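Chemist: any chance you can model this:
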Amino acid sequence: SSGINAEYGGEKTAEEAATEKIDSEAMWYLQWLMYPLVIGGAVYSLLYVSHRSWYSWVINSLVNGVYCFGFLFMMPQLFLNYRLKSVAHLPWRAFMYKAFNTFIDDVFAFIITMPTAHRLACFRDDIIFVIYLYQRWLYPVDKARVNEFKQIFNETKPINNTS
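Modeler: Down below sits the predicted model:
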C-alpha cells in the first residue's frame, strides 16, 4: 500500500484508507477460514474418495481450492457493506453487471453438462447476490456521497432563515 490513489492519480482520502483497512481485515479473517477448508477438503478427498491416480487427486484438490478461493474472494464486499452499514461501495452499474453475469452462469449451469463441483461453483455467485440484495434493502444508499464519477446527487444546502 503506497498511499497513492491509482484510480484518480492522487493521494488516498481518509475514507479510502478506512475502506482499505476494512477490506484487509476481511481478507485476514477469510484466510483463516479458507486455508483449513481447502486443506481439509483435500485430506478428506484423499481418504474417502477414490481417485484413478495421485495426479487425479492433485488436480481435483487444486480445482476445489480454486472454487473455494473464488467464493471467498467475493466475500470482502459483503463484509465491507456490513462494517460501513452502506452499499455505496458497489455502484449500481457494477452490481447490475454482476447480476447479469450471475444469471448467464446459472442458465449455462443448467444447460451444459459439467462436473457437479463446477455446477455448484456457478451457483456460489447466487448466494453472494442474494446477501447483497438483502444488504441493499437493509442499508440506505447515501445520496450525499461522491460517486465514482465525482458526482453528488443530493447536496445538503445551508438553510437561510433571513426574511
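Chemist: Leu78 against Val130, yeah?
Modeler: No - between Leu78 and Val130 there is no contact, the gap being 10.7 Å when judged by Cβ atoms under 8 Å. Heads up, the C-betas are built off the backbone N, CA and C, glycines and all.
Chemist: between the two, which one's more packed in?
Modeler: The residue with the greater number of neighbours, taking Leu78 and Val130 and applying other Cβ atoms under 10 Å, is Leu78; the counts read 18 against 11.
Chemist: for the helix or strand hosting Phe71, buried residues please.
Modeler: Take DSSP states H and E as the rule and Phe71 turns out to sit in helix 54-72. Within helix 54-72, the residues scored as buried using 16 or more other Cβ atoms under 10 Å are Trp57, Asn60, Ser61, Asn64, Gly65, Tyr67, Cys68, Phe71, Leu72.
Chemist: shouldn't the first one be in contact with Leu47?
Modeler: So the one you mean is Trp57. No - with contact defined as Cβ under 8 Å, Trp57 does not count as touching Leu47 (10.5 Å).
Chemist: what angle do the helix or strand Ala117 falls within and helix 54-72 make?
Modeler: Under the assignment given by DSSP H and E, the secondary-structure element containing Ala117 is helix 116-138. Compare the direction of helix 116-138 with that of helix 54-72 by axes from the mean of the first three to the mean of the last three Cα atoms, to 10 degrees and you get 10 degrees.
Chemist: residues in contact with helix 116-138?
Modeler: Taking Cβ atoms under 8 Å, 6 or more residues apart in numbering as the criterion, the residues outside helix 116-138 that touch it are 63-64, 67, 70-71, 74-75, 77-78, 81-82, 87, 90, 95, 98-99, 101-102, 105-106, 108-109.
Chemist: any figure for the gap between Tyr134 and Pro36?
Modeler: Noted for Tyr134: a distance of 27 Å to Pro36, by Cβ to Cβ, to the nearest Å.
Chemist: quick one: the strands in this structure?
Modeler: Taking DSSP state E, the strands of the chain run over residues 4-5, 10-11.
Chemist: any idea which helix or strand of this protein has the worst average confidence?
Modeler: Using mean pLDDT, DSSP states H and E, strand 4-5 stands out as the lowest-scoring helix or strand of the chain, at a mean of 50.
Chemist: any stretches of the chain with poor pLDDT?
Modeler: Counting by pLDDT under 70, the chain contains low-confidence ranges at 1-10, 141-163.
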